[in-house]
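> Could you look at this predicted model? Sequence included:
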Amino acid sequence: MIRTVAVGLGERAYDVVIGPGLLSEAAQRIAPLLKRQRVTVISDETVWRLHGERLATALGEDNIAVATIIIPPGEQTKSFAGLADVCDQMLALELDRGDLVVAFGGGVVGDLAGFAAAIYKRGIGFVQIPTTLLAQVDSSVGGKTAIDTPRGKNLLGAFHQPRLVLADLDVLDTLPEREMRAGYAEVVKYGLLGDLKFFEWLETKSPAVLSRKPGALAQAVARCVEMKAEIVAEDETEQGRRALLNLGHTFGHALEAETGYGEALLHGEAVAAGQALAFRFAAAQGLCPGQDAARARAAIAAAGLPTGLADVPGHPFVAERLLRHMGQDKKAEGGRLTFILPRALGDTFVAKDVQAEAVLAFLKAEGATP
């Protein structure tokens, strides 16, 4: 039941281990990476309450001392203030560059802890133990770390690869249904961007994945990690093919910014809507068959995820404001909009110099006010 996927980055290569019961094996898997028998675990209050004792006990059984930095849950913690607090606590613990940080949580914890590790004394090693489906299939792999700013999501960060990723499927048992669906948005993304057979498998197996059937869940997580590992090994710093992993994110990040990065719209929900919007925009531009856009939308909707602006209740969107957020997107160059767009299901490309007027017209057609 344990599967290991290697991320091939030469001297910085590492394994992503996927399967049940990995928290109980944390000590034996982390110990070879340690220069001295101690780690600092960065987690949030919810994850630590649910799973912290198991992790601390497992590490303690191998005489690994555990210091903890516990942060509030939620995207708002991934900020300048949150970063400053984590770094200050790391300094107070007098960590040196030979010590190891363990990011134990979802995407917020992984991004924040990873960025802190990247800048602490110019770089300290860290391990990812992702506890959400979204983090297991996407954010924990590949070394992207970042914080948000009032001007946009993930605009300040660094590429800092982990030393190891432990994706324990058992911890997903405590994940709320809404979070599980949000993570599934990143699962279906891999099929949409580059693996038609995987997308077709998900069309029939999504209920099994979402209900956490062990076999289906393990297969879905492993396939996503395999695809991401291959892309990261080819294009670590997103100069080319890795940008495809941002399918749906240009639209999605704009929606998140407008809703305040809060509970109104989770990151995975925004990405789900963004993917459906990207397919419909491509179809409207004559780049993608309309039936493929409809099929993508149906697969996303079947998982209980939003597929457009109207699916975000209580948040009327203004087309011009959404467009301004897109102009702050990391992929934008020289003031030109860049999107990841489909040619077909399982076939995407980087579309540079997308015309703002076309995006505005599309957003208005989707229900945004002028």
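Looks like it arrived, so ask away.

> Give me the buried positions along the host helix or strand of Trp201.
Here Trp201 sits within helix 196-210, counting by DSSP states H and E. Using 16 or more other Cβ atoms under 10 Å as the test for burial, helix 196-210 gives 198-199, 201-202, 205-206, 208-210. Heads up, the C-betas are built off the backbone N, CA and C, glycines and all.

> which other helices and strands contact it?
Other elements packing on helix 196-210 under the criterion 3 or more Cβ pairs under 8 Å, 6 or more residues apart in numbering; DSSP states H and E are helix 177-194, helix 214-234, helix 290-302.

> Serialize those helices to CSV and add fields for mean neighbour count and distance to His267.
As requested, the helices and strands packed on helix 196-210 are arranged in CSV below (neighbours: other Cβ atoms under 10 Å; distance: least, Cβ to Cβ, whole Å):
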stretch, mean neighbour count, distance to His267
helix 177-194, 24, 7
helix 214-234, 20, 16
helix 290-302, 18, 15
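
> closest to Gly143 out of these?
helix 214-234 (7.3 Å; Cβ to Cβ).

> Give me the contacts around the closest one.
Identification of contacts with helix 214-234 by Cβ atoms under 8 Å, 6 or more residues apart in numbering yields 1, 3, 5-9, 16, 18-20, 133, 136-138, 141-143, 167, 169, 172, 186-187, 190, 194-195, 198, 202, 205, 208-209, 240-242, 244-245.

> go again using 7 Å as the cut-off
1, 3, 5-9, 16, 18-19, 136-138, 141-142, 167, 169, 187, 190, 194-195, 198, 205, 208-209, 241-242, 245 (Cβ atoms under 7 Å, 6 or more residues apart in numbering).

> what does stretch 129-137 give?
So stretch 129-137 is contacted by 47, 51, 102-107, 110, 140, 165-167, 171-172, 175, 179-180, 182-184, 186-187, 221, 224-225, 268 (Cβ under 7 Å, 6+ apart).

> now the helices for this structure?
26-30, 45-47, 53-60, 80-92, 107-119, 133-134, 177-194, 196-210, 214-234, 249-259, 267-284, 290-302, 319-327, 356-365 (DSSP state H).

> Which one of the helices and strands packed on helix 196-210 lies nearest to Ala282?
Per Cβ to Cβ, nearest to Ala282 of the helices and strands packed on helix 196-210: helix 290-302, 6.9 Å.

> now the angle from the closest one to helix 267-284?
160 degrees (axes from the mean of the first three to the mean of the last three Cα atoms, to 10 degrees).

> Kindly format the C-alpha coordinates of helix 290-302 as CSV.
Extracted in CSV, the C-alpha atoms of helix 290-302 (Å, rounded to 0.1, in the frame of the first residue of the first chain):
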residue,chain,number,x,y,z
GLY,A,290,-17.2,23.4,-26.8
GLN,A,291,-18.1,19.8,-25.9
ASP,A,292,-14.8,19.5,-24.1
ALA,A,293,-15.5,22.7,-22.1
ALA,A,294,-18.9,21.2,-21.2
ARG,A,295,-17.4,17.9,-20.2
ALA,A,296,-14.8,19.6,-18.0
ARG,A,297,-17.6,21.7,-16.3
ALA,A,298,-19.7,18.6,-15.7
ALA,A,299,-16.8,16.7,-14.1
ILE,A,300,-16.1,19.6,-11.8
ALA,A,301,-19.8,20.2,-10.9
ALA,A,302,-20.2,16.4,-10.2
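
> Show me how far it is from its chain's centre.
22 Å (Cα atoms, centre = their mean, to the nearest Å).

> For that helix, name the packing helices and strands.
helix 177-194, helix 196-210, helix 267-284 (3 or more Cβ pairs under 7 Å, 6 or more residues apart in numbering; DSSP states H and E).

> So which residue is dead centre in this protein?
Ser139 (3.3 Å; Cα atoms, centre = their mean).

> That residue and Ala351: what is the separation?
Between Ser139 and Ala351 the computed distance is 24 Å (Cβ to Cβ, to the nearest Å).

> so can I have CSV of the helices of the chain showing mean pLDDT?
Compiled in CSV, these are given as follows (pLDDT from 0 to 100):
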stretch, mean pLDDT
helix 26-30, 96
helix 45-47, 98
helix 53-60, 96
helix 80-92, 98
helix 107-119, 98
helix 133-134, 98
helix 177-194, 97
helix 196-210, 98
helix 214-234, 96
helix 249-259, 94
helix 267-284, 97
helix 290-302, 98
helix 319-327, 93
helix 356-365, 96
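
> got JSON lines for those, with distance to Pro72 too?
Formatted as JSON lines, those follow (distance: least, Cβ to Cβ, whole Å):
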{"stretch": "helix 26-30", "distance to Pro72": "24"}
{"stretch": "helix 45-47", "distance to Pro72": "6"}
{"stretch": "helix 53-60", "distance to Pro72": "19"}
{"stretch": "helix 80-92", "distance to Pro72": "8"}
{"stretch": "helix 107-119", "distance to Pro72": "10"}
{"stretch": "helix 133-134", "distance to Pro72": "19"}
{"stretch": "helix 177-194", "distance to Pro72": "16"}
{"stretch": "helix 196-210", "distance to Pro72": "28"}
{"stretch": "helix 214-234", "distance to Pro72": "27"}
{"stretch": "helix 249-259", "distance to Pro72": "18"}
{"stretch": "helix 267-284", "distance to Pro72": "17"}
{"stretch": "helix 290-302", "distance to Pro72": "30"}
{"stretch": "helix 319-327", "distance to Pro72": "25"}
{"stretch": "helix 356-365", "distance to Pro72": "33"}
